[in-house]
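Asks: below: sequence and its predicted model.
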2 protein chains.
Amino acid sequence: MVSMSLEQTPARIANVLREQIITGELSMGSKLNEREIAERLQVSRIPVREALPILESEGFISSQPRRGAVVHALTLTDAAELFDLRRQLEPMASAFAARRAAAGADVAPMLEALRTARGAIAPVSSTLHTVAEVAPPSTRNSDLHEEIINLADHALLHRVTKLMSGRVRWLFRLTPQRDTTAMWVEHREIVDAIVAGQADVAELLTAAHVERGRFESMPLLAELLPSAAPAALRRRRKAS
Amino acid sequence: MVSMSLEQTPARIANVLREQIITGELSMGSKLNEREIAERLQVSRIPVREALPILESEGFISSQPRRGAVVHALTLTDAAELFDLRRQLEPMASAFAARRAAAGADVAPMLEALRTARGAIAPVSSTLHTVAEVAPPSTRNSDLHEEIINLADHALLHRVTKLMSGRVRWLFRLTPQRDTTAMWVEHREIVDAIVAGQADVAELLTAAHVERGRFESMPLLAELLPSAAPAALRRRRKAS
DNA sequence: GGATGCTGTCTGGTATGCCAAATGGCGGGT
DNA sequence: ACCCGCCATTTGGCATACCAGACAGCATCC
């Protein structure tokens, strides 16, 4: 390898594969061969071997001892479980963020993320920020949530959330976008409550936000995903 | 390597190091040298390199790109954050477990763990189970919590919880045990609510259980742990 | 005498190569 | 014709070896 980006190689490999999984370039269920990936990315197998556990911890792939790794096939249960955890953690994050804001923490990055998210819906020329790379709304929303987490200044929460954020983006990518204007209003209300230091309000609004997302998304996902992992998918794969 | 246990080598190495960290055999702040560990455990550096990220994800060590890994020095903030997360996740686990129990799931393993935990306090001869290895109460409590998680049958919750369980044991090991009889009563009440399928009751009892633990443990931990990681601990380490 | 640059060494990062377990095809036996 | 077992190939697991960045000590220059 001649050129080296600033981030570590295993992390870079994990990022590449993660994006390929999220975009569907690597379809669910497809096998991941260490040698093939190593050759494709022009690295040796070692950093690949270190990248795969990262993706496994984030729930993108599942690997068994001597049988290799495959891209995890998302199920409706996975989606429901993700909403379950977000239901617990995101309200907590908003509450902590509100307390931090009340204590004088800098809320500017969060506000900026909110503006950017709004810009992704209806570009407002008043702000005049050059949107070099037009990221999809799902990424923008993730940015806002991430800034709330950052504001919460809670290392453990940050770690756990980061573990789930990839899957959230993956599912959002699959889900036909819900009404983004309404969602922006919800986001604004949450941010307002945080900035005002109203921890309880922010917590409840965020809980409602998550549950609304579940209510709107699950029916759509129900038509896209199998309800559970077919455990009887071992032998007899000739017809597939 | 001549003999190979059934679990994978990196996981085995992580287990060994984890126990050594929890028991204090590896003191906080001590450096972890890949070659030294590899030689000590009679393996090569590769599985060691794969074990360290596991411990890092569980918060036992912190490593920087080219500067190696050190055993994380627990702070009071770490303890508080752990209680914060447990406050959100354990009540959720109890609620899910209660719903599963109401749906007819097998509650026997949980009851067995409860009995075993009680046995660790006042051995009752009526149950007549041979306690081959006398594990410390902290481990027994972890077993009960783990069984509740298992009963909840929630893959994502299980994953996130497993990420935190190591640190919980680590802190419990440091904390002078709180009154175990009262704790057993709390445990029994929670289990009773779960078995009865009373999700709301189980959830609230568990929340109270966590908060009681926080209330009793934090003052003790405050005398054992530094309040925060000393960021100004880079240069000038000659006197230490 | 103090600060700065250089160099040696330590340690982590990556590549290559070998080994063993698992899988699938093929041949022989019933 | 079907089933069972053997063998080859695939593929992951681990060990060894090499490379590069980081840090400490020393020498040198200011």
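Replies: Perfect, I can see it now.
Asks: for chain A, longest helix please?
Replies: Identified as the longest helix of chain A according to DSSP state H is helix A:76-102.
Asks: now do the buried residues in it.
Replies: By 16 or more other C-beta atoms under 10 Å in any protein chain shown, the buried positions in helix A:76-102 come out as A:76-101. C-beta here means a position set from N, CA and C on the backbone, and glycine is covered the same way.
Asks: contact residues of chain A facing DNA strand C?
Replies: By C-beta under 7 Å from any atom of the strand, the residues of chain A that approach DNA strand C are A:1, A:8-10, A:43-47, A:50, A:65-67.
Asks: domain parsing of chain A, as residue ranges.
Replies: A:9-71, A:76-222 (automatic domain parsing).
Asks: so how far is the first one from its chain's centroid?
Replies: For domain A:9-71, the gap between its own C-alpha mean and the chain's C-alpha mean amounts to 17 Å (C-alpha atoms, centre = their mean, to the nearest Å).
Asks: tell me the average confidence for the longest helix of chain A?
Replies: For helix A:76-102, mean pLDDT rounds to 98.
Asks: show me the contacts for A:R35.
Replies: Listed by C-beta atoms under 8 Å, 6 or more residues apart in numbering or on different chains, the contact partners of A:R35 are A:R45.
Asks: filter the residues of chain A next to DNA strand C down to the buried ones.
Replies: Buried members of the residues of chain A next to DNA strand C, scored by 16+ other C-beta under 10 Å, are A:9-10, A:43, A:47, A:50.
Asks: how about these in TSV, adding pLDDT?
Replies: Listed next are these as TSV, based on pLDDT from 0 to 100:
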residue	pLDDT
A:T9	86
A:P10	89
A:V43	91
A:P47	90
A:E50	90
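Asks: kindly indicate which of the residues you listed lies nearest DNA strand C.
Replies: A:T9 (2.9 Å; C-beta to the nearest atom of the strand).
Asks: please report how far the closest one lies from chain B.
Replies: Here A:T9 is placed at a distance of 10 Å from chain B (C-beta to the nearest C-beta, to the nearest Å).
Asks: now do the buried residues in stretch A:102-121.
Replies: Within stretch A:102-121, the residues scored as buried using 16+ other C-beta under 10 Å are A:105, A:107, A:110, A:113-120.
Asks: out of those, flag the one nearest to A:A155.
Replies: Ranked by distance to A:A155 (C-beta to C-beta), the buried residues of stretch A:102-121 are led by A:A105 at 14.9 Å.
Asks: ok, the closest one - contacts?
Replies: Taking C-beta under 8 Å, 6+ apart as the criterion, A:A105 is in contact with A:151, A:153.
Asks: quick one: what helix or strand has the residue nearest the centre of chain A in it?
Replies: Central residue of chain A (C-alpha atoms, centre = their mean): A:S165, 2.9 Å from the mean position. Assigned by DSSP states H and E, A:S165 falls within helix A:155-174.
Asks: cool, and A:V70?
Replies: Using DSSP H and E, A:V70 sits within strand A:68-71.
Asks: which residues does the closest residue to DNA strand D within chain A bridge with?
Replies: For chain A, the residue closest to DNA strand D is A:G68, as judged by C-beta to the nearest atom of the strand, at 3.0 Å. With beta bridges defined as DSSP bridges, A:G68 has these partners: A:Q64.
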